[in-house]
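*Asks:* Just the structure for this:
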Amino acid sequence: MCNDVCVLGEIFYTTPWRMTFIVLCCLGAVTVIGLSLAIYCMCNKKDKLRKEKDDIWEQNHDRTEELKILTSQLDFVNTNWSPDFETIRRHAVDVTLDPDSAHRNLILSDDGKQVRHGELDQVLSDNGNRFSNWSSVLGNVGFSGSSTMR
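*Replies:* I've put the predicted structure just below:
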């Protein structure tokens with residue numbers, strides 16, 4: 001029986017350099033696998049970032065084109081319509097609306113300067129001056145120019 005044990009001991013007996021070689025090979029294999037995994041993850045992330053960059057670049061290009069179009073439209077409005085606006089502004093008058101002529105669906109502001117369309121008919125006194133068929137309102141008699149409008 002001693003012979004069997006001695007033979008087994010000689011088979012599994014390793015020298016220090018052999019054990020070092022085996023450990024280094026295992027560490028090398030783990031390192032190669034780890035580096036391969038790290039490189040794969042980095043390449044994957046790089047591809048995602050490149051795609052995101054391309055998407056942002058395309059959106060930026062679209063916004064730049066939209067900005068050019070809007071700028072040209074604004075230039076057109078400024079060059080072609082500003083004289084008309086200036087004429088309208090010079091001839092502006094201070095108008096006060098007549099609450100007695102306002103249609104029942106129209107709501108006048110307290111100062112009589114603004115009007116908006118309401119959802120329901122208002123309960124108002126019926127006089128002969130009130131519009132009944134059309135959503136309209138008249139201005140009060142007389143207009144007064146204002147130097148603040150000019």
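*Asks:* low pLDDT regions in this structure?
*Replies:* Filtered on pLDDT under 70, the chain yields the residue ranges 1-14, 81-83, 121-123, 141-150.
*Asks:* Which residue ranges of it form helices?
*Replies:* Secondary structure of the chain (DSSP state H): helices at 2-12, 16-90.
*Asks:* packing partners for the last one?
*Replies:* For helix 16-90, the packing partners by 3 or more CB pairs under 8 Å, 6 or more residues apart in numbering; DSSP states H and E come out as none at all, with no helix or strand in contact. Every C-beta, even on glycine, is put in place using the N, C-alpha and C of the backbone.
*Asks:* on that earlier part again, as a markdown table, the helices of the chain with mean neighbour count and distance to residue 135 would be great.
*Replies:* Listed next are these as a markdown table, based on neighbours: other CB atoms under 10 Å; distance: least, CB to CB, whole Å:
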| stretch | mean neighbour count | distance to residue 135 |
| --- | --- | --- |
| helix 2-12 | 8 | 105 |
| helix 16-90 | 10 | 24 |
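*Asks:* For those helices, give me JSON lines that also has distance to residue 101.
*Replies:* Shown next, in JSON lines, are those (distance: least, CB to CB, whole Å):
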{"stretch": "helix 2-12", "distance to residue 101": "114"}
{"stretch": "helix 16-90", "distance to residue 101": "24"}
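*Asks:* just so I know, which of those helices lies nearest residue 96?
*Replies:* helix 16-90 (19.2 Å; CB to CB).
*Asks:* buried sites along stretch 130-143?
*Replies:* 130, 137 (16 or more other CB atoms under 10 Å).
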